[in-house]
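Undergrad: Build me a structure from this.
(one chain, ligands or ions: 4)
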Amino acid sequence: MNLRELSEGLATGADDASIEISGLTADSRAVRPGFLFAALAGTRTDGARFVADAQAAGASAVLAAPDTVLETSLPILRAPDARRALALMAARLAGPQPDHIVAVTGTAGKTSVAAFLRQIWARAGKQAASIGTTGLVSPTRTEYGSLTTPEPVALANLLAELAREGVTHVSMEASSHGLEQRRLDGLTLRAAGFTNLGRDHMDYHASVEEYFAAKMRLFDTLLPKGRPAVIFADDRWSGAAIEAAQKAGASVMTVGREGGFLKLKRLEHERRRQVAEIEVVGKLHRIVLPLAGEFQMSNALVAAGLAIASGVNIEDALHALEYLEGAPGRLELAGTTAAGVPVYVDYAHKPEALENVLSAVRPFTTGRVIVVFGCGGDRDRGKRPIMGGIATRLADIAILTDDNPRSEEAAAIRAEVLEGAPGAEEIGDRRQAIREAISRAGAGDTVVIAGKGHENGQTIGAQTFPFSDHEEVRLAIADAPR
Ligand SMILES: CC(=O)N[C@H]1[C@@H](OP(=O)(O)OP(=O)(O)OC[C@H]2O[C@@H](n3ccc(=O)[nH]c3=O)[C@H](O)[C@@H]2O)O[C@H](CO)[C@@H](O)[C@@H]1O[C@H](C)C(=O)N[C@@H](C)C(=O)N[C@H](CCC(=O)O)C(=O)O
Ligand SMILES: Nc1ncnc2c1ncn2[C@@H]1O[C@H](COP(=O)(O)OP(=O)(O)OP(=O)(O)O)[C@@H](O)[C@H]1O
Ligand SMILES: N[C@H](CCC[C@H](N)C(=O)O)C(=O)O
Ligand SMILES: [Mg+2]
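TA: Ligands and ions are numbered 1, 2, ... in the order given. Next up, the predicted model:
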């Protein structure tokens, strides 16, 4: 595609039809001959500093914001919102995307909703894929991912590839970083969803209001007017989300106990399943959800709402809930000890998630709830004592351990968690902590290993060492004295 076709209506300043553009990137290190390099200001540095590198690597043009100072002989494209222009150009260059793309945002539940929606679609006979924290799952492949919302160029290429492979339905996670950084701006959404808002990423967003506003970009900027916004109705932020979506001209469908479209009338918890009565347009449906934890019922309702919003009929969408499999590492039963103690692995690495998962196991625990938890380094520090408080308040035994310390001193992270968790025991070595929890558990107890979920490595300093909570649980159970 030439520079004129690529930039028409998106950026100005250079529209040379004789320049062929072979690819796009915002990273000078990824530039190949014929690429357009987007020089973007970031959180640590400014892409403008790397224009010479990009040119040396063969870049044919540069895209930048109006006020970015650039020293280069390359043609320069300017756009008021250069990140958005990059996403739109990436989509234009990559080619057609699947017809039905649905994105879900919220502090917790995105991965689960995206996975559930893919499963509902698949059961309805659609060629469906999901993209998010746990990677890509499509009818033909499963790939581990590193970001919750991939970067715009990678995302546009992946979507075009999926479309070529025959995928028609894609569910995606929209993280607040992804929304704020315009990673999803090149997508045309059929519908969008909201689960809840809690504390997270206060290192990145200046305030909760700003964090919420970033999430609302999904409705006010990305979702075409008149399309369905499926909103979980029982959260503290539901009212504000409904208002934002309505203001943006979306067709709002609410789900949950307070839901107007899918209304949860009754819910009975069993150890490994829940029985729900859901009212839809005046009719009551009885559903057995084969997953534990009320939050999974909430996620299932959002997913069913989105499936219906994207064309699945009501009966089929609700019936599909009876076959749902949890996303990997989301309140996932990783093993059962000789004494019959269930050991769950869960990705709770933020306050509300930890609170929810510990509350979810309480109803079917006759003995003690034992939790192994920690906090990652180079992330929101404010959540550390809060999570410490939740663990000691809601578990009978709280064992504090390391998550991914990244560049931080692990002991210093633990010290910050301990400020809010005076009663917690401290075992830095995660493997040891898991073994200790399992060896102490007796009949009637429940063990929760929180924080890392599906992750298959532990990042200490700049290195990631192979580590799986699932594997450690299995080994600990196998080695435990009977
Ligand atoms: C904090 C954050 O979100 N950073 C993202 C952001 O980087 P940035 O623009 O701030 O990067 P920067 O280092 O300041 O560099 C500025 C620019 O110079 C460019 N550069 C830099 C060096 C060089 O040699 N050449 C060059 O061109 C960079 O490519 C960049 O475009 O934009 C980059 C390009 O899109 C992202 O890769 C990067 O994500 C990093 C990898 C990251 O870890 N992000 C995490 C926090 C994240 O996005 N998480 C969310 C949410 C997770 C959750 O909800 O729990 C996710 O969606 O995964
Ligand atoms: N609807 C919900 N309400 C509260 N907590 C939830 C909900 N859904 C999931 N959780 C908790 O949050 C954890 C992460 O769930 P999930 O991966 O589905 O969310 P996410 O929004 O994708 O999170 P992340 O941004 O970390 O990828 C779960 O392991 C569980 O502890
Ligand atoms: N997408 C999240 C994952 C956190 C996972 C947790 N195990 C941690 O390391 O804090 C983030 O980058 O903040
Ligand atoms: Mg996720």
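
Undergrad: Can you name the residues that contact P80?
TA: Contacts for P80 (Cβ atoms under 8 Å, 6 or more residues apart in numbering) come out as A65, P66. C-betas here are computed from N, CA, C, even on glycine.

Undergrad: With K265 instead?
TA: Neighbours of K265 in contact, by Cβ under 8 Å, 6+ apart: E277, I278, E279, L284.

Undergrad: helix or strand for it, which one?
TA: strand 262-269 (DSSP states H and E).

Undergrad: likewise V357?
TA: Here V357, judged by DSSP H and E, is contained in helix 351-361.

Undergrad: Show me how far that helix is from its chain's centre.
TA: Distance, stretch centre to chain centre, for helix 351-361: 17 Å (Cα atoms, centre = their mean, to the nearest Å).

Undergrad: so for the helix or strand just after it, what's the average pLDDT?
TA: Sequence-wise, the next helix or strand downstream of helix 351-361 (DSSP H and E) is strand 369-373. The average pLDDT within strand 369-373 is 98.

Undergrad: I'd say E165 and L158 touch.
TA: No: taking contacts as Cβ atoms under 8 Å, E165 lies outside contact range of L158: 10.5 Å.

Undergrad: Which of these two has more residues huddled nearby?
TA: Neighbours per residue (other Cβ atoms under 10 Å) separate E165 from L158, with L158 holding more: 20 against 14.

Undergrad: for the strand or helix carrying that one, what is the average pLDDT?
TA: Here L158, judged by DSSP H and E, is contained in helix 152-164. Averaged across helix 152-164, pLDDT comes to 98.

Undergrad: Which neighbouring elements make contact with that helix?
TA: strand 23-25, helix 82-94, strand 128-132 (3 or more Cβ pairs under 8 Å, 6 or more residues apart in numbering; DSSP states H and E).

Undergrad: Can you tell me which of these is most buried?
TA: strand 128-132 (a mean of 27; mean count of other Cβ atoms under 10 Å).

Undergrad: For the stretch 1-150 of the chain, which residues are neighbours of ligand 1?
TA: Residues of the stretch 1-150 of the chain lying close to ligand 1 by Cβ under 6 Å from any ligand atom are 26-29, 40, 42-45, 47, 50, 147-149.

Undergrad: Among the residues you listed, which one sits closest to A338?
TA: T148 (37.2 Å; Cβ to Cβ).

Undergrad: got the contact list for that closest one?
TA: T148 touches K110, T111, G132, T133, E173, S175, H177, G178, counting by Cβ under 8 Å, 6+ apart.

Undergrad: Look up the closest residue to the residue of the stretch 1-150 of the chain found nearest ligand 3, ignoring the ones flanking it.
TA: Closest contact between the stretch 1-150 of the chain and ligand 3, by Cβ to the nearest ligand atom, is at T148 (5.5 Å). In space, and not counting its chain neighbours, T148 is closest to S175: 4.1 Å by Cβ to Cβ, 6 or more residues apart in numbering.

Undergrad: residues from the stretch 51-200 of the chain in reach of ligand 2?
TA: Near ligand 2, when you scan the stretch 51-200 of the chain using Cβ under 6 Å from any ligand atom, you find G106, A108, G109, K110, T111, S112, T133, T148, E173, S175, T195, N196.

Undergrad: mind checking how far the third one is from M297?
TA: Just to be clear, that refers to G109. 11 Å (Cβ to Cβ, to the nearest Å).

Undergrad: These two: which is more packed in?
TA: Between G109 and M297, counted using other Cβ under 10 Å, the more crowded position is G109 (30 against 22).

Undergrad: check contacts around the residue nearest to the more buried one when sequence neighbours are not counted.
TA: The shortest distance from G109 to any non-neighbouring residue, by Cβ to Cβ, 6+ apart, is to T195 (3.8 Å). Residues near T195 by Cβ under 8 Å, 6+ apart: 104-110, 113, 232, 235, 298-299, 302.

Undergrad: Then P405?
TA: G376, G377, I413, T459, I460, G461.

Undergrad: redo that, cut-off 7 Å
TA: Residues in contact with P405 (Cβ atoms under 7 Å, 6 or more residues apart in numbering) are G377, I413, I460.

Undergrad: how about these in CSV, adding neighbour count, distance to ligand 1 and secondary structure?
TA: Listed next are these as CSV, based on neighbours: other Cβ atoms under 10 Å; distance: Cβ to the nearest ligand atom, whole Å; DSSP: H, G, I helix; E, B strand; the rest coil:
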residue, neighbour count, distance to ligand 1, secondary structure
G377, 20, 12, coil
I413, 25, 17, helix
I460, 17, 17, strand
